[in-house]
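Participant: Mind folding the following:
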Amino acid sequence: MTSPNPPQPSYRAIGWLLALPALLGTLITLVLPSAQTIWLSFQSGGVITESVFAGTANYTGLLGEPRFWQALGFTASLIVAPLVVSVVVAPLLALALDRGGAWPRRAGRVVLALAIVTFSPVGVATAWLRALHAGASAASSSAASSSGPLGLTAADLGDPAAAPGAVRIVVAAATFGVVCAVAVTAYLPALRGDEPAPAMVVVGVLVAIATVAVGLQTFAIATTLTRGGPAHSTATLAFLEYDYAFRLARFGPGASAATVTGVLLGVLGVAATIVAVTTRLRITLTRPAPPATPAAAAPAAPTAPAGPSGAAGTVPGRARRPATGAVVAGAVALVLLVAAGVLLAWPWISAVLSGAPGTAPSAAQDGLRTQLNTWVPAAAGALVSVGVAYLAALGIGGLRPLGRSSEWLLLVFAPWLFAGTGVLGVANWQNMRNLGLIDTFLALVPPLLVSVPALFVLTFLCKGLAERDGGRDFFGGVVLPSLPMAGILAGAVTLVNAQDLLWPMLVAQQPGLLTAPATQFARLGEFSAAPDAGLTTPLAIVAVALAAAVAAQLLYLDRLAIVTNDASAGAGNDSRERVGAA
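Facilitator: Just a heads-up that it's a prediction; the model follows:
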């Protein structure tokens, strides 16, 4: 469905202008580094020796090496548990919370916010290592066998046969909370539209694709636990690229591994884009519903006449209280979520509560300087990349320079929808070295000028808001309602940037430039003291992030609705708001 009042040619020109920074940013920081990575994959040497053209030798060697297929298989195995959580557990939980009414849904959102802001891959892996080694020490002192959390032992990580299974268990447990939180946050708006079933299917497909794409780039948890060993048994695709390019100083094989991963991610990004565009997905905001009244007294919601676009809108009926059984089911689901989350996160919770077990010689790095290294570049990169994405979203989704076909412009960005810093790490590191920025504070800023995931979310939001507004007031109907989402995404990207291990580890070796994840990772190689598991999640940062996340969940995200196909854009009216509205 399109706006009944299509933008005039002058507004379409402004739409192209707003999209221009994102197009340039994509060219500079995504297209060119991708082409550079492909070119490097046909070279040999490049770090210690001179680069020479090697043809397809790197790909022949990579694809003919058992280590690559072992890494691919292990990486795929790490995706299974998060995928089950995202496409089975999360939609059922979202349905229970949504049908349970206002307080289960909102309480659930608070719990989900906590799971998101406290997630740190390196911090979680550090906590698990501490728990497993503590169990081994206890067993040694008591001359009795002792297992750690979930039946694992420290010896499991040193056994080539047992290590892959142990890492799978840790990854599944460590990511349960954040995967469930992000997926439920995506499913809840789909349940608030006029036709939730098709919207849930579309969101489920997109969530599944995203889970696979993120899993293909797994690096921090597995690398922190085992460094890819023993005997390469726990090497992931991302670790294989890092090992070839930066540990063995072989850019060609490293770039070829990155190219293979990049192609897989590109296919997934294009597929997700086609699904979203062909199903006419859009995001909008619900309108407030009248106060709740008993279900028996609630009259049926009248249907508004068809609007200029030809689709019937809906008028919110009086709010009705959910059935007692639905409330109970929502409360039970919430209790189970909290119980499972605490159980699976207990090694991290215990480690954070106990603090650092000793004082390292370089403990001063754990103070303000480390936190500045972590959060200032992360926030700067997020503000730039999300800001550029927001301008483009206003142009593509709000002003629609190609009219009804405007969303197809997202195909230009689609190959990098799921691409992290790892797949372009070889090219970006080489560029940083050529610019003389290695071991500088500026190098800690993620090398992306546009956040493609933020661009997609904001584009579909601006599209939905523009249709709801009907072209009457672009600033008041599209810009102002979408600004909070841009802020939320900037905060989310900041958290992702701050918890990244690979990029800071590549560009900063000086102790004074280490970020919190890099500091934790480096400390694990020291014998003088174990790292503080809470270093990557300082209390002050968590408190501020949690307050912002809870406010965003309750005041804004709880009003979002996702609709697809010919579902009325008036889903923003959301007659279903009557169920459990406060």
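
Participant: tell me which residues in the stretch of helix or strand Ala492 belongs to are buried?
Facilitator: For Ala492, the element it lies in under DSSP states H and E is helix 480-498. Within helix 480-498, the residues that count as buried by 16 or more other C-beta atoms under 10 Å are 481-482, 484-486, 488-498. Where C-beta positions appear, they are placed from N, C-alpha and C, glycine not excepted.

Participant: Tell me the one of those residues nearest Ala190?
Facilitator: Ala190 has its nearest neighbour among the buried residues of helix 480-498 in Met485, at 16.1 Å by C-beta to C-beta.

Participant: How about the closest one: what's its closest non-neighbour residue?
Facilitator: Nearest residue to Met485, sequence neighbours excluded (C-beta to C-beta, 6 or more residues apart in numbering): Leu461, at 5.6 Å.

Participant: Poorly predicted segments of the chain, please.
Facilitator: 1-9, 46-48, 135-147, 288-320, 356-366, 526-530, 566-582 (pLDDT under 70).

Participant: all strands in it, in order from the N-terminus.
Facilitator: Under the criterion DSSP state E, the chain contains strands at 43-44, 52-53, 282-285, 292-293, 303-306, 312-314, 319-320, 560-563.

Participant: picking up where we left off before, which of the buried residues of helix 480-498 are the two that sit furthest away from each other?
Facilitator: In the buried residues of helix 480-498, the most distant members under the criterion C-beta to C-beta are Pro481 and Ala498, with 27.9 Å between them.

Participant: so how far is the helix holding Ala492 off the chain centroid?
Facilitator: Distance of helix 480-498 from its chain centroid, counting by C-alpha atoms, centre = their mean, to the nearest Å, is 12 Å.

Participant: elements contacting it?
Facilitator: Applying 3 or more C-beta pairs under 8 Å, 6 or more residues apart in numbering; DSSP states H and E, one finds that helix 480-498 contacts helix 102-117, helix 368-393, helix 452-469, helix 539-555.

Participant: that older thread, my read is that the residue nearest to Met485 contacts Ile283, right?
Facilitator: Yes - Leu461 is within contact range of Ile283, at 4.3 Å (criterion: C-beta atoms under 8 Å).

Participant: How many neighbouring residues does the residue nearest to Met485 have?
Facilitator: For Leu461, the count of nearby residues is 25 (other C-beta atoms under 10 Å).

Participant: Ok, Asp194 next?
Facilitator: Using other C-beta under 10 Å, Asp194 has 21 other residues around it.

Participant: wouldn't it be in contact with Val563 here?
Facilitator: Yes - contact criterion C-beta under 8 Å: Asp194 and Val563 qualify, at 6.8 Å.

Participant: Any idea which of the helices and strands packed on helix 480-498 gets closest to Arg287?
Facilitator: Arg287 sits nearest to helix 452-469 of all these, at 9.1 Å, using C-beta to C-beta.

Participant: That closest one versus helix 480-498: what angle between them?
Facilitator: 170 degrees (axes from the mean of the first three to the mean of the last three C-alpha atoms, to 10 degrees).

Participant: send the alpha carbons of helix 452-469 over as PDB?
Facilitator: In PDB, the C-alpha atoms belonging to helix 452-469 read as follows (Å, rounded to 0.1, in the frame of the first residue of the first chain):
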ATOM      1  CA  VAL A 452      23.100  -1.100   7.100                       C
ATOM      2  CA  PRO A 453      20.800  -2.900   9.700                       C
ATOM      3  CA  ALA A 454      19.800   0.500  11.100                       C
ATOM      4  CA  LEU A 455      19.100   1.700   7.500                       C
ATOM      5  CA  PHE A 456      16.700  -1.200   6.900                       C
ATOM      6  CA  VAL A 457      14.800  -0.900  10.200                       C
ATOM      7  CA  LEU A 458      14.500   2.900   9.800                       C
ATOM      8  CA  THR A 459      13.500   2.700   6.200                       C
ATOM      9  CA  PHE A 460      10.600   0.300   6.900                       C
ATOM     10  CA  LEU A 461       9.600   2.500   9.800                       C
ATOM     11  CA  CYS A 462       9.600   5.700   7.800                       C
ATOM     12  CA  LYS A 463       7.600   3.900   5.100                       C
ATOM     13  CA  GLY A 464       4.900   2.900   7.600                       C
ATOM     14  CA  LEU A 465       4.800   6.300   9.200                       C
ATOM     15  CA  ALA A 466       4.500   8.000   5.800                       C
ATOM     16  CA  GLU A 467       1.600   5.800   4.800                       C
ATOM     17  CA  ARG A 468      -0.100   6.400   8.100                       C
ATOM     18  CA  ASP A 469       0.400  10.200   7.700                       C
END
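
Participant: Which strands and helices lie in contact with that helix?
Facilitator: Helix 452-469 sits against helix 251-278, strand 282-285, helix 368-393, helix 480-498, with contacts defined as 3+ C-beta pairs under 8 Å, 6+ apart.

Participant: what's the helix holding Ala492 in contact with?
Facilitator: With contact meaning C-beta atoms under 8 Å, 6 or more residues apart in numbering, helix 480-498 is reached by 116-117, 119, 285, 374-375, 377-379, 381-383, 385-387, 389-390, 393-394, 398, 446, 451, 453-454, 457-458, 461-462, 465, 515-516, 536, 545, 548-549, 552, 555-557.

Participant: Swap in 6 Å and give it another go.
Facilitator: Helix 480-498 has contacts (C-beta atoms under 6 Å, 6 or more residues apart in numbering) with 285, 374-375, 378-379, 381-383, 386, 390, 446, 451, 454, 461-462, 465, 552, 556.

Participant: Of those, select the buried ones using a PyMOL command.
Facilitator: Under the burial definition 16+ other C-beta under 10 Å, those of those that qualify are selected in PyMOL by:
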select buried, resi 285+374+375+378+379+381+382+386+390+446+451+454+461+462+465+552
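
Participant: neighbours around Phe53, how many?
Facilitator: The burial count for Phe53: 10, using other C-beta under 10 Å.

Participant: Could you pull up the contacting residues of the residue nearest to Met485?
Facilitator: Counted by C-beta under 6 Å, 6+ apart, Leu461 has contacts 283, 482, 485.

Participant: and which of those residues is nearest to Pro531?
Facilitator: Once C-beta to C-beta is applied, the member of the contacts of Leu461 that ends up nearest Pro531 is Met485, at 35.6 Å.

Participant: What distance do you get for the closest one to Lys463?
Facilitator: Computed as C-beta to C-beta, to the nearest Å, the Met485 to Lys463 distance reads 13 Å.

Participant: ok, so of the contacts of Leu461, who is nearest Thr153?
Facilitator: Nearest to Thr153 out of the contacts of Leu461 is Met485 (C-beta to C-beta; 45.3 Å).

Participant: Just give the nearest non-adjacent residue to Gln553, would you?
Facilitator: Nearest in space to Gln553, with sequence neighbours left out and distances taken as C-beta to C-beta, 6+ apart, is Arg109 at 3.9 Å.

Participant: what's the neighbour count on the one you found?
Facilitator: Neighbour number of Arg109 under other C-beta under 10 Å is 22.

Participant: same thing with the one 10 residues further on?
Facilitator: Summarising burial for Phe119: neighbours were counted as other C-beta under 10 Å, giving 23.

Participant: Repeat that for Val110.
Facilitator: Val110 has 14 neighbours, counted by other C-beta under 10 Å.

Participant: Gly55 too?
Facilitator: Neighbours of Gly55 under the rule other C-beta under 10 Å: 10.

Participant: how close does it get to Leu248?
Facilitator: According to C-beta to C-beta, Gly55 stands 20 Å off from Leu248.

Participant: Same question for Phe475.
Facilitator: Distance, Phe475 to Leu248, using C-beta to C-beta: 55 Å.

Participant: Which residue of these two possesses the greater neighbour count?
Facilitator: In this view Phe475 and Leu248 are compared by other C-beta under 10 Å, and Leu248 has more residues nearby, 12 against 9.

Participant: Can you report phi and psi for that one?
Facilitator: phi -100, psi 0 (degrees, to the nearest 10).

Participant: by how many degrees do the helix of greatest length in the chain and helix 102-117 diverge?
Facilitator: Scanning the chain for the helix with the most residues, using DSSP state H, yields helix 324-354. Angular relation of helix 324-354 and helix 102-117 on a 0 to 180 degree scale: 30 degrees, by the same axes, to 10 degrees.
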